[in-house]
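# make a model of this:
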Amino acid sequence: MTSTAAHVARPALVLGPHTVDAARISADILARNPDHPQREAIRRALGNLPGTRRYLAPYEQIVGERSTVQRKDDTFDAVRRAARDAVTAALADTGLAPGDIDCVVVSSATADKVPGLAVHLLNDLGLRPDVRIRSMTQAACAGGALALVMAENHLARYPEHTVLVLVGEFLSAMYQDSARSLEDQIYKALWGDLVAATVVAARPLGSAPTLRIDHTWEYTLPHTVERYRKLTDERGDHFSSTRDSLRSVTDLAPALLDWLGRHADGPLDFGILHPGGPAILTRLAKVLGVDEEFVRHSRDVLAQEGNLGGATVLSVLHRTYRTPPRPGHQGLVLGLGPGVSTAALLVTWSG
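Numbers count the residues shown, from 1 in each chain. Prediction:
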């Protein structure tokens, strides 16, 4: 356990206001690709992604033609507006004011501009000019877990501080009709949008039980940079991956299990996991030796909201707060992203 405890408050979520049925997305993809050489494989893959997705913009705008500049401007502006709302709600939930925040940790791989999102939040919300800013634009799907790791690291040096964590992704804005590989089509049906904020401090914020961070871990698989990438062309940004990406959980397993074996206090009781997709989540559960209940919230987020990138773990944590574990139960927070890089936290539900 770390010498300074770090407690994570219940996250405040701003989900995309537009709920789109996955069946509509799948039908549209197939209609746009009538002669695709892998059309049957695409149909089968999309059939494994049921449920709904939450978008920050109407579906018609997501699939419509936009210039690279317009796409980036729309993405940044939408995430910035949602970030203001998420942070305002997180501060209200914890009884804090903007001036109480000493450090801001922000992760967004989609709303990347200069000056960045954190600087705009400082001005939009009236944060102190001396607030410490930690910004990440490359962690992507690992960003939520990594932001919590960075918050815990900051508190280890400054235990009297209060840290604001914001993770926001507008992943549906990565939709490109010209990206036509099997993996591209799966991403189009998988992505969702979320901006989420939470507060991390060396003390519980309020009298209710909280999530306490006990230990953190970071690990990067060497020579796997091709597995997950954000690419840019004349139409803007889009994500790409290779089939080797499905091996990432298996490849990480020895190091992950070694870390858990050295630091976990017995079996894990609950999971707050970034579910990249149904197959990856199933493989992770198998590696951890856990049952379906352990991954229930992660699977529900995937089915009802989509793959929300780094913000996923905060949506899963929000559901965990609604149906909390028993005090003293031990859990795992884990995010897997490009690199292939992983951030994980051993946590305890502290009553």
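# enumerate the positions of the helix or strand containing Ala151 that are buried.
Taking DSSP states H and E as the definition, one finds Ala151 inside helix 143-157. Neighbour counts over helix 143-157 (16 or more other CB atoms under 10 Å) mark 143-152, 154-155 as buried. In short, each C-beta sits where N, CA and C put it, glycine included.
# likewise for stretch 325-340?
325, 330-340.
# mind listing which of those are in helices?
If you go by DSSP state H, the buried residues of stretch 325-340 have nothing in helices.
# quick check, nearest of those residues to His318?
Each of the buried residues of stretch 325-340 was checked against His318 using CB to CB; the closest is Val333, at 12.9 Å.
# mind listing which of the buried residues of stretch 325-340 are in strands?
If you go by DSSP state E, these have 330-337 in strands.
# dump those residues to TSV, plus distance to Val167 and pLDDT.
Listed next are those as TSV, based on distance: CB to CB, whole Å; pLDDT from 0 to 100:
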residue	distance to Val167	pLDDT
Gln330	23	97
Gly331	18	98
Leu332	18	98
Val333	12	98
Leu334	14	97
Gly335	10	95
Leu336	15	92
Gly337	12	88
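# what is the least confident helix or strand in the chain?
strand 236-241 (a mean of 75; mean pLDDT, DSSP states H and E).
# contact partners of that one?
With contact meaning CB atoms under 8 Å, 6 or more residues apart in numbering, strand 236-241 is reached by 66-68, 71-72, 110, 171, 173-176, 179, 181, 183-184, 187, 227-232.
# after it, next one along is what?
Using DSSP H and E, the helix or strand that follows strand 236-241 towards the C-terminus is helix 248-263.
# now do that next one against strand 330-337, angle only.
Interaxial angle, helix 248-263 versus strand 330-337 (axes from the mean of the first three to the mean of the last three CA atoms, to 10 degrees): 150 degrees.
# identify the residues contacting helix 248-263?
Residues from elsewhere that reach helix 248-263 (CB under 8 Å, 6+ apart): 214-215, 217, 219, 221, 224, 227, 268, 280, 283-284, 287, 332, 336, 340, 342, 344, 346.
# okay, buried residues for it please.
The neighbour-count check on helix 248-263 (16+ other CB under 10 Å) flags 248-249, 252, 256, 259-260 as buried.
# repeat that for stretch 125-133.
Neighbour counts over stretch 125-133 (16+ other CB under 10 Å) mark 125, 127, 131 as buried.
# how far does it sit from the chain's center?
On the basis of CA atoms, centre = their mean, to the nearest Å, stretch 125-133 is displaced by 24 Å from the centre of the chain it belongs to.
# cool, and stretch 222-230?
Centroid displacement of stretch 222-230 relative to its chain, using CA atoms, centre = their mean, is 18 Å.
# could you pull up the mean pLDDT of it?
Averaged over stretch 222-230, pLDDT sits at 84.
# please apply the same query to stretch 59-71.
Stretch 59-71 shows a mean pLDDT of 88.
# distance between the ends of that stretch?
Using CA to CA, to the nearest Å, one end of stretch 59-71 lies 14 Å from the other.
# mind listing the strands in the protein by residue range?
Secondary structure of the chain (DSSP E): strands at 6-8, 12-15, 18-21, 52-55, 103-107, 132-136, 162-170, 193-201, 210-220, 228-233, 236-241, 270-273, 330-337, 341-350.
# what's the closest of those strands to Asn33?
Closest among those, using CB to CB: strand 236-241, at 15.8 Å.
# what's the angle between that closest one and helix 248-263?
Going by the same axes, to 10 degrees, strand 236-241 is angled at 70 degrees with respect to helix 248-263.
# in its sheet, what does strand 236-241 sit against?
Within its sheet, strand 236-241 is paired with strand 228-233 (antiparallel), according to DSSP bridges.
# residues in contact with the strand it pairs with?
The contact list for strand 228-233 (CB under 8 Å, 6+ apart) reads 68, 109, 140-141, 174, 176, 237-241, 245, 337-340.
# buried only: go through those for me.
Buried among the contacts of strand 228-233 (16+ other CB under 10 Å): 109, 140-141, 174, 176, 237-241, 245, 337-340.
# next, the buried residues of stretch 318-327.
Under 16+ other CB under 10 Å, the buried positions of stretch 318-327 are 318-321, 324-325.
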